[in-house]
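[1] Need the 3D shape of this:
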Amino acid sequence: MRQAGIIAGPGIYALENMTHRLQEDHDNASSLAKYLASIPNANWKVFEPQTNIIKIFCPNQTAKLIYKELNAINIKTVTMDEYTVRVVTHSNISREDIEEIKSRFEHHQPLLELIKSA
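    Residues are numbered from 1 along each chain as shown. Predicted coordinates for the structure are as follows:
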């Protein structure tokens, strides 16, 4: 336990300095989730975020393929399992970044084709 301070330090910093960001992170997640859910003919379910985490359910086990396409256009995500992609907003992602992500979706044809066949 002698290194507990190393683990506690970032948490203390966040509580003291970053709580004002929580609403902005949630708003960014909501904006992106609404956009993702509105993509025409997308064969996935985007869950409304309760926090800054967006979950995307891909019914045909295409989560890893979608993850790879997103990574190819520098949108970092995580696969939770073969059906689910997780997207997280945080203090290093601005409203402008969310708009850029939307633009990347609109202009990356292989990704659009993949989510329509997912």
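[2] And the most centrally placed residue in the chain, how far from Asn17?
    Relative to the mean C-alpha position of the chain, the nearest C-alpha, by C-alpha atoms, centre = their mean, is the one of Val87, at 1.8 Å. Noted for Val87: a distance of 24 Å to Asn17, by C-beta to C-beta, to the nearest Å. C-beta: built from backbone N, CA, C; applies to glycine.
[3] low-confidence ranges in the protein?
    When residues are selected by pLDDT under 70, those of the chain lie in 1-2, 118.
[4] Now with 80, please.
    Regions of the chain meeting the criterion pLDDT under 80 cover residues 1-5, 116-118.
[5] chain center to stretch 43-51: distance?
    Here the centre of mass of C-alpha atoms in stretch 43-51, compared against the chain's by C-alpha atoms, centre = their mean, to the nearest Å, lies 10 Å away.
[6] swap that for stretch 76-88, please
    Relative to where its chain is centred, stretch 76-88 has its mean C-alpha point 8 Å off (C-alpha atoms, centre = their mean).
[7] could you pull out the strands for this protein?
    Along the chain, counting by DSSP state E, strands occupy 45-46, 53-57, 78-79, 84-88.
[8] Give the other helices and strands that the second one contacts.
    For strand 53-57, the contact count by 3 or more C-beta pairs under 8 Å, 6 or more residues apart in numbering; DSSP states H and E identifies helix 22-38, strand 45-46, strand 84-88 as packing neighbours.
[9] can you give me the angle that strand makes with strand 84-88?
    Here strand 53-57 runs at an angle of 160 degrees relative to strand 84-88 (axes from the mean of the first three to the mean of the last three C-alpha atoms, to 10 degrees).
[10] hmm, who's touching strand 53-57?
    The list of residues contacting strand 53-57 from outside it, by C-beta atoms under 8 Å, 6 or more residues apart in numbering, reads 29, 32-33, 36, 44-47, 49, 63, 66, 80, 83-89.
[11] Narrow those residues to just the buried residues.
    For those, burial is judged from neighbour counts taken by 16 or more other C-beta atoms under 10 Å, and it is met by 29, 32-33, 36, 44, 46, 49, 63, 66, 83-85, 87, 89.
[12] Nearest to Glu106 among those residues?
    Nearest to Glu106 out of the buried ones among the contacts of strand 53-57 is Leu36 (C-beta to C-beta; 11.6 Å).
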